[in-house]
Every structure is written in structure tokens, then in C-alpha cells.
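Peer 1: Quick one, fold the following:
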Amino acid sequence: MKKVYLLSIFLLLIFIFIPAAKFKTNYDSQKVVTLEANQTVNKDYFAFGDVVEIYGTINGDLYALGGEVIIEGIVNGDILAAGGNVRISGKTPNDARVAGGNITITGEVKKSLTAIGGNVEIVEPSIIGGSLVAAGGNVRVSAPIGKDIKAVTGALVIANTVGGSVEAGVEEFRITSSARIEGNVKYYGRSEAKISDGATILGEVTQQQTPIGINKNDYDQKIKEGKNLLSGFTFLGFVSSLLTSLLLVHFYPKFTINTAEDLRKNLGKNLLAGLLALIGVPIIAAFLMLTIIGLPLGFILFALYFIALYLAKIPVALYIGNLILNKFGQRKSVYWTLTLGLAVFTAVGLFPVVGFIFKFGSLIAGLGTLIMVKRQTYFKAKKENLI
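Peer 2: Got it, this is the predicted structure:
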């Protein structure tokens, strides 16, 4: 863990303080990023693009982000991948953590797999040696899982061997005749699980429809009240974000417009910068606050960090607005463009699972964009002797 913290701080400082021309790391960012079958990387590998293809060998961790991510090679470290479509048919002796719209696993993960997506499929000849943690709209497990399964999903299908227990929050739950579960099955849901004849469950099967101690009618009422409260907060949050965004455009129009353009041109680099900032800045601030001299700087850094997190949605919203208007051949003022983009951003964020993934990815991209554009502005002003 200490190694990860130090690496995050080091890379973050490089991103912020070293000009782009001097920045070099094992990092690829372009429309199509391919690590060929005859290529070997003997360190951690970062790949960002519209399409990311990994056919070679990586003797380190893999960090992959793209519209489509294909991993057919060997990764001897951990796999961290996110994209619209993610397919893993390669091998790793360690863990894999994947997020995406559609996730398909046909490869071998010797340790544990974490998968969050709209549709998650783990199919033969895949082998997961450790546990599976899954969240999504639909999760289908038709390959062997070495240990436990924990899932939160709309629909869950288990059609192979599970070496441990299953615990799931699920609307529709099916255990097929080819399933063998060597532990207990505990699930939360209103619909009874469909367990086919021939399915083998060595432990107990337990269904819990509502939280213990809460009457079903009271539970439904609480859920309804919670949804109404969430809708109110969502509307207030949208209005607050819109006012903040419009004020930023009014007082800093060029900077705001530049953020959306930079996000379009340098998505991969900005995602990496945002991820490192998200992890590294709180650590740096915490270290500063351990000393009397650094305490004020730590507080200031924390304040700037949370302000940046709040503003991170603005470049993304403006980018979305431009994307939609350009699609229909329309040109509107930056105010209308930002309003449209923020409305779409808020609406997509309401979807379960997918909305969370979208907002988290947008947070990272927006944060990285703000850092990179601010950094460019600083160096430009310094070069022109304005500061």
C-alpha cells in the first residue's frame, strides 16, 4: 500500500509541475492502442484510447480505459480495466477489476474478479480461482468460481460450480441444473429463486425479502419517501450546478471553453491525471497536515481539492452539450450548450450502476481536465511574463 501511495504522489507531481514535452512514462493514448502478441512490457502499463487491444505480455499491472477494451494476452500483475465493452480472454495470476457497459470474461483469473457493468458474463473456458464480486443489470456465471460469489444485480444466473457460498441482492435469481454450489445460498429479493432440478447446493438456501424488523408496507413507504427525497436533492443539485457553471462561463469564458476542447483532444491523458489527482492529492494534504508548518497548506490543498471535485462536471457537461448539438448540426451559445450538457449529465447519472460508473468516470475525466488546462494556462502566462 505504501508503494502505491508513493507512486501516486510521484506521478501526480510529475503531471502538475513538469511541462508536457518532458513527460515520459510507459503510457499509450491514441484512438487505437495495441500491444502486439510479440511485445513484452516489463513494468506497469497504461493504455487509453477509443480501442485498447492487449495481445502481448505485461510483467506488471495493466491499467486500460477505452470505448472497447480487449485483453487476450498475459498480464502478470493485476488488471484494472474500464470501457463501454470489455472482453478478457487472456490470463492473470492475480486479481482483475473491471467496469463497463458490457463485460465478457472467457479468460483465466487466478485470484479474485470484481466486475461492475450493465451486463456481466463469465463464460467457459473462463476460470476464476478466487471470489467473484459483481454488480450490474444482468450477471451470468456459467464458468467455475473457486470461492464465494457476492452480487448486487437485477438478474443473476448461476450455471456452474461455485467453491464457496453465494450472497446476492437480486430481483430475478436462477440456478440452473448444471450448477453446483458448495456452500450456502443467501439472497435478498421479493421473487423466489428458480432452482432447476439437478442443481446441487450443499448448504442451506435462505431468502430474505425485506430488512429484518421492518414491516413490508412500512418498507415500501420508506422506499417511496426515499425516492421522493432523492428526486428533490437531484433537482436542487442540478440548479446549483447550473448556476455555478453559468457563473464560471460568464467570468472565465475562455478557460471554460478550453476545458471542453482539451477533454475532447486529450481524453486518455486527462483520465490518467484525474485518477492520480483523485488518489494523490488527499494523501499529500494529509502528509502536510502532520506538521505544524504544513498544516495551513494541507487545509488549503483540501479546500482546492473539493472545489475541483465539484467543478469537475463542468468540462464534461460542456463536452456532452457540444457533442449533441454537433450531431444535429446546431450551434448555440455556450450557455445553452452547457445547460443541455448538464441536463443530460444529471439524467444519465440517475440510472443505477451505469449512472454511477458514468459519474465516476466523468469525475476523473473532468478533474484531470481542470488540472491539465490550469497547468497549461500557468506555463503560458509564465512564458509571457504575466506572472
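
Peer 1: In the protein, where is pLDDT below threshold?
Peer 2: 1-30, 209-236, 330, 332, 386-387 (pLDDT under 70).

Peer 1: could you pull out the helices for it?
Peer 2: 2-17, 216-251, 253-265, 267-288, 295-311, 313-327, 334-349, 354-383 (DSSP state H).

Peer 1: who wins for proximity to S142 among these?
Peer 2: Ranking the helices of the chain by proximity to S142 (C-beta to C-beta) places helix 354-383 first, at 22.8 Å. (Glycine included, C-beta is placed from N, CA and C.)

Peer 1: in that closest one, what counts as buried?
Peer 2: Going by neighbour count (16 or more other C-beta atoms under 10 Å), the buried part of helix 354-383 is 354, 357-359, 361-373, 375, 377.

Peer 1: Work out the gap between it and the centre of the chain.
Peer 2: Here helix 354-383 is found 16 Å from its chain centre; the criterion is C-alpha atoms, centre = their mean, to the nearest Å.

Peer 1: got it, and stretch 135-151?
Peer 2: Distance, centroid of stretch 135-151 to centroid of chain: 19 Å (C-alpha atoms, centre = their mean).

Peer 1: got the end-to-end distance for it?
Peer 2: 6 Å (C-alpha to C-alpha, to the nearest Å).

Peer 1: ditto for stretch 184-196
Peer 2: Termini of stretch 184-196 sit 16 Å apart (C-alpha to C-alpha).

Peer 1: Show me what it is in contact with.
Peer 2: 165-177, 179, 201, 203-209 (C-beta atoms under 8 Å, 6 or more residues apart in numbering).

Peer 1: Can you mark which positions in it are buried?
Peer 2: N184, V185, Y187, Y188, G189, A193, I195.

Peer 1: Which of the contacts of stretch 184-196 fall within strands?
Peer 2: The strands, defined by DSSP state E, take in 166-175, 201, 205-208 from those.

Peer 1: any idea which of these has the most stuff around it?
Peer 2: V166 (28 neighbours; other C-beta atoms under 10 Å).

Peer 1: tell me the contacts of it?
Peer 2: Counted by C-beta under 8 Å, 6+ apart, V166 has contacts D148, I149, K150, A151, I158, I181, G183, N184, V185, K186, Y187.

Peer 1: can you do 7 Å?
Peer 2: By C-beta atoms under 7 Å, 6 or more residues apart in numbering, the residues touching V166 are I149, I158, I181, V185.

Peer 1: partner residues bridging it?
Peer 2: I149, V185 (DSSP bridges).

Peer 1: Backbone dihedrals for the residue nearest to S126 when sequence neighbours are not counted, please?
Peer 2: Of all residues not flanking S126 in the chain, A143 sits nearest, at 3.9 Å (C-beta to C-beta, 6 or more residues apart in numbering). In terms of degrees, to the nearest 10, the main-chain angles of A143 are phi -130, psi 160.
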